[in-house]
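Colleague: Give the three-dimensional model of this entry:
(2 chains)
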Amino acid sequence: MSEYKIYGINGPVVTVKGKTDLQMTETVYVGEKKLIGEVIGLSDEYTTIQVYEETAGLTPGESVFSSHSPMSVTLGPGILGNIFDGIERPLNIIKEISGAFIEKGINIPAISETKKWQVNVLLHKGDLVFGGEILASCPETDSITHKALVPPNIQGTVTKAAPDGEYTVTDTIAEVTDKDGKIHELKLAQRWPIRMSRPVRERLPLSKPLITGQRVIDAVFPIAKGGAAAIPGGFGTGKTMTQHQLAKWCDADIIIYVGCGERGNEMTQVLNEFSELKDPRTGKSLLSRTVLIANTSNMPVAAREASIYTGITLAEYYRDMGYHTAIMADSTSRWAEALREISGRLEEIPADEGFPAYLPSRLSEFYERSGYFKNLNGTEGSVTIIGAVSPQGADFSEPVTQNTKRFTRCFWALDKSLAYARHYPAINWTTSYSEYTGDLSDWYNENVGPEFTACRDRLTSILSEETNLMEIVKLIGADVLPDDQKLIIEIARVIRVGFLQQNAFHSDDTFVPAEKQLKMMQAILHLYDRSQEIIARQIPISKITATGLFERLIKMKYDIPNKNPEMFDDLNGDVDAAINAILR
Amino acid sequence: MKIEYTKICEINGSLIVIDGVESPVYEEIAHFFLDSGEIRTGRVVKIDGKKVTLQVFEGTKGMSAFNTRTVFTGESMSLPLSPEILGRVFDGLGRPKDGFGEVYPEEKRDVNGAPINPVSREYPKNYIRTGISSIDALATLIRGQKLPIFSGSGMKHNELAVQIVRQSAIADSDDFAIVFAAMGVKNDVASYFRSQFASSNVMNRVVMFLNLANDPITERIMTPKCALTAAEYLAFKLGKHVLVVMTDMTSYAEALREYSSTKGEIPSRKGFPGYLYSDLASIYERAGMINGKKGSVTQIPILTMPNDDITHPIPDLTGYITEGQIVLDRGLDSKGIYPPVSVLPSLSRLMKDGIGEGFTREDHPALANQLLASYAKVHDARALSSVIGEDELSPSDKALLKFGKEFEDKFIRQSFTECRSIEETLDLGWSLLSSLPDSELDRTDEKILKKYCKK
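Modeller: Purely as a prediction, here's the structure:
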């Protein structure tokens, strides 16, 4: 281990004078307390290091130790259900060591090295193995089986394989001799540098949706498994709430929730809620498929920059096992601000609003790690990224939102005025879009119902007609409109309040299966079609309003339980009866 | 024997540079002995080999290259603490200002604090009844929350803060304390708070940290840190429920900007430093509760929005960190409505888990939702009536207009001394809603409507 001396200190940035053999992005340990840092700049005169912990108390002349390896995380069983800081240190162990407040300089293994796992070894002596192949499996939590993988850069012949049994993550499970005769010990756990994406065999087209149970997302602005979405919104518009809903209900196998520069209480809430809630598909605790990464806004800023990469690396690791993973990053703006802060300390020339010029390339690198892949071992898996963006002053023209928009194909714009009226999720239907709609329509039509896409298109066109009509209404009032236009406004209200708006605190409405979403759309359109018959006969719309049908449809999300879709037939029957009574 | 450095190489604003320093420690405190006999304090903010940049809390007025001797202490800034701090008045750096002498410390704490481990946090759930309808019903304050008041110059934020403190904390047991931090406020504002605390007989439970408008700005940067260190001590060591009132966060952020620009840092929006978010977070995130400990820190920061602009970086970044906000509205204020709480942008993020059955009353969430949804429509109806005239409005829009007026007059408006119970507030809300036609009440369950909304 080489050793150097600290020369300068400025916030989280530490410099070492003179030429060193340190490499870019290498992990270093700074000072007596061995604070973890990373090399971010090299020149003839100085080596620049960003430190992932508070630097107060450091003195020039203290040692800097090199590690000869880039910033990496440990991948292995024991990750799920855990909560880590931005550089994968387990927060509940830190709590045992330092109490309620986080002290600095705590270096502990990310996952328990003493816990024994019930391992089923899948390799045999004499097997020819390639990187990425499944080495062994063990039950990690009550719903997920962990598959230990051969590190991607190793291939050769198995010369030794342990029998099935109980092993820790540091026990050797197998030995592989490569073509140069070098022996590699394979364990349950491996290390991987966070800034490098894990290799795959090939990228597959996106054709399956990530079902979230949120109507405005699944039906109107769907996201594909392996896609990337952005949720921009000012404060109080419900970004975090939307992220929580997605983390709870989406049909990914593994959820990585990165709280990046957000509130401490929110992380506590996720931790509490997820351990109590049950996964609707497996019936097991939601926490057993979730990993939390917490770098709250008062934790060191450099680790905030790393937390996003730590999260995506964990997601890729589970993808390699053949799982569908989803990563929620809340919020990517804080990550961009961390970049800006470090960039400012390095006195780099700023581009837009003080952000460094490499902001777009960093964002694109991150979002491009999403996708639906064929893995090295032949399994298929995906990484879906859902990034919240917190634009300053809710102004979507700022650099982070604009650049994110370029690299994501799904844009769920949260709207202040909807949030003020307590319309949640406050996803604005005129400014949001999803480019996956076309790619996914076949799946919806085949798996949910052949009319799904057609219904959605009619719904959105009614909404856009309403938007146009509201321009007129704002000027002259709704009373002067002809009845057919009044009907559009009424139906659009039913769509907005009865369909798009969804109650996260209602036991049934918090997650709605795609089948019920289709039935709801059909019921609304059925009422619309039948009402048009009435209008065509010059009967005033007030007759329909008087029946209370509009109100009844608005409340159908509560009145019809998720498990009783047949009740929609009764509802449609009642609509027919009421309309026929008017027509008669 | 400590080394004294007798030469200063550079003086720029509140920053000085000393060369040739042997093993300086980042963020350590230094004392400056001026020839005039004055002693000042500073902090190491940048180290470049032996060249050290220090920030002088009292400012550099009167300092020259040769008239000052500097001594480094090797320690970071800490605050002497003991139960005796209750009832005392300190300056922005935690030095006694009331003439009763130094605090005999039971312990000394680093003012920078340390982040609370999210695993150790207790999720706040107990609501604090403030007796103010607009807050209790629509943006409920929760113990351990950070809920700022976004105001503008000339509006009654100080009165509102005093009313919240008086009606909530005092009604509770002995286990409460108030920490008051003044940053760059005028002398009369500080004395207003002092006289209000005195007239409610709580002065012996208040700790005041005062950095007034004419005090040095570098001291202002330390004021909230000192105040929160005291608050954490009272809450997590002595087990008290601490309410921290900080005013005015705008002056704090501007002080930070001034300091940052003298340091020559690259500015981001409106000249504020790029780390304003992290810096504000290191203050606000010190609110909360810890599992296994009795006390709590609840923060009510007050900030005046420059030009009433909520998108200005200070309120904007604050809103992203705090758990909601209470926004005051110039329009309501000029109509003479007190407290001028603009209920639509006001929000309490922790409210959803702290209200309803078992906390306040089962109908509370439904009522809050319905009141806000209906009041949002009032704004549309008002906009329309200003174009086509009130007479041309549809009956439901007319009903909305009437509801809007009554809501502002009866629900939001209340006197400075009026303390409404939660039942009174909720019943009042339903009685206002009962004037609306049924089709407008689309956010509520039939059951709740029948039980509470009596027509």
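Colleague: C-alpha only now, for contacts and for neighbours.
Modeller: Noted.
Colleague: Report the contact partners of B:Val52.
Modeller: By C-alpha atoms under 8 Å, 6 or more residues apart in numbering or on different chains, the contact set of B:Val52 is B:Val17, B:Ile18, B:Asp19, B:Val21, B:Pro24, B:Val44, B:Val45, B:Lys46.
Colleague: Quick check: A:Tyr358 vs A:Ala336, distance?
Modeller: For A:Tyr358, the distance to A:Ala336 (C-alpha to C-alpha, to the nearest Å) stands at 10 Å.
Colleague: does A:Val13 really touch A:Glu53, like I thought?
Modeller: No: if you go by C-alpha atoms under 8 Å, A:Val13 and A:Glu53 don't touch, sitting 10.3 Å apart.
Colleague: Among the contacts of B:Val52, which ones are in helices?
Modeller: Taking DSSP state H, every one of those sits outside helices.
Colleague: Would you reformat the residues you listed as TSV and include pLDDT and distance to chain A?
Modeller: TSV is the format used below for the contacts of B:Val52 (pLDDT from 0 to 100; distance: C-alpha to the nearest C-alpha, whole Å):
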residue	pLDDT	distance to chain A
B:Val17	94	14
B:Ile18	94	14
B:Asp19	92	13
B:Val21	90	10
B:Pro24	91	6
B:Val44	93	9
B:Val45	91	7
B:Lys46	91	5
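Colleague: Just the buried ones among those residues, please.
Modeller: With burial judged by 16 or more other C-alpha atoms under 10 Å in any protein chain shown, the buried subset of the contacts of B:Val52 is B:Val17, B:Ile18, B:Asp19, B:Pro24, B:Val44, B:Val45, B:Lys46.
Colleague: Among these, which ones are in strands?
Modeller: Judged by DSSP state E, the subset of the buried ones among the contacts of B:Val52 located in strands is B:Val17, B:Ile18, B:Val44, B:Val45, B:Lys46.
Colleague: Need the max-distance pair from these.
Modeller: B:Ile18 and B:Val45 (11.9 Å; C-alpha to C-alpha).
Colleague: what touches both of these two?
Modeller: Residues touching both B:Ile18 and B:Val45 by C-alpha under 8 Å, 6+ apart: B:Val52, B:Thr53, B:Leu54.
Colleague: which residues touch A:Lys19?
Modeller: Neighbour list for A:Lys19: A:Ser43, A:Asp44, A:Glu45, A:Tyr46, A:Thr47 [criterion: C-alpha under 8 Å, 6+ apart].
Colleague: Compare these and tell me which has the most neighbours.
Modeller: Greatest neighbour count in the contacts of A:Lys19, by other C-alpha atoms under 10 Å in any protein chain shown, goes to A:Thr47: 23 neighbours.
Colleague: and that one, which of the three is it?
Modeller: Using DSSP: H, G, I helix; E, B strand; the rest coil, the structure places A:Thr47 in strand.
Colleague: more crowded one of A:Tyr358 and A:Ala336?
Modeller: Taking other C-alpha under 10 Å, A:Tyr358 and A:Ala336 do not tie; A:Ala336 has more neighbours (21 against 13).
Colleague: Report whether that one is found in a helix, as I expect.
Modeller: Yes: assessed with three-state DSSP, A:Ala336 lies in a helix.
Colleague: my read: it touches A:Pro360, true?
Modeller: No: the pair A:Ala336 / A:Pro360 is not scored as a contact, 9.8 Å apart, by C-alpha under 8 Å.
Colleague: I'd like the contacts of B:Val52 as CSV, with distance to A:Asn572 appended.
Modeller: Below are the contacts of B:Val52 laid out as CSV (distance: C-alpha to C-alpha, whole Å):
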residue, distance to A:Asn572
B:Val17, 80
B:Ile18, 83
B:Asp19, 84
B:Val21, 84
B:Pro24, 79
B:Val44, 74
B:Val45, 71
B:Lys46, 72
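Colleague: is the longest strand seen in chain A anywhere near chain B?
Modeller: Assignment by DSSP E gives strand A:380-389 as the longest strand of chain A. No: using C-alpha under 8 Å from any C-alpha of the partner chain, strand A:380-389 stays clear of chain B, with a minimum separation of 11.2 Å.
Colleague: Can I get that strand as CSV, trimmed to CA atoms?
Modeller: Taking Å, rounded to 0.1, in the frame of the first residue of the first chain, the C-alpha atoms of strand A:380-389 are listed here in CSV:
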residue,chain,number,x,y,z
GLU,A,380,-33.2,-12.3,-19.4
GLY,A,381,-33.4,-9.4,-17.0
SER,A,382,-34.1,-5.7,-17.0
VAL,A,383,-33.2,-2.5,-15.2
THR,A,384,-35.8,0.2,-15.2
ILE,A,385,-34.8,3.6,-14.0
ILE,A,386,-37.3,6.1,-12.5
GLY,A,387,-35.6,9.3,-11.6
ALA,A,388,-37.3,12.2,-9.8
VAL,A,389,-36.1,15.6,-10.8
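Colleague: Residues touching it, excluding its own?
Modeller: A:224-233, A:239-240, A:243, A:315-316, A:319-333, A:367, A:369-375, A:400-401.
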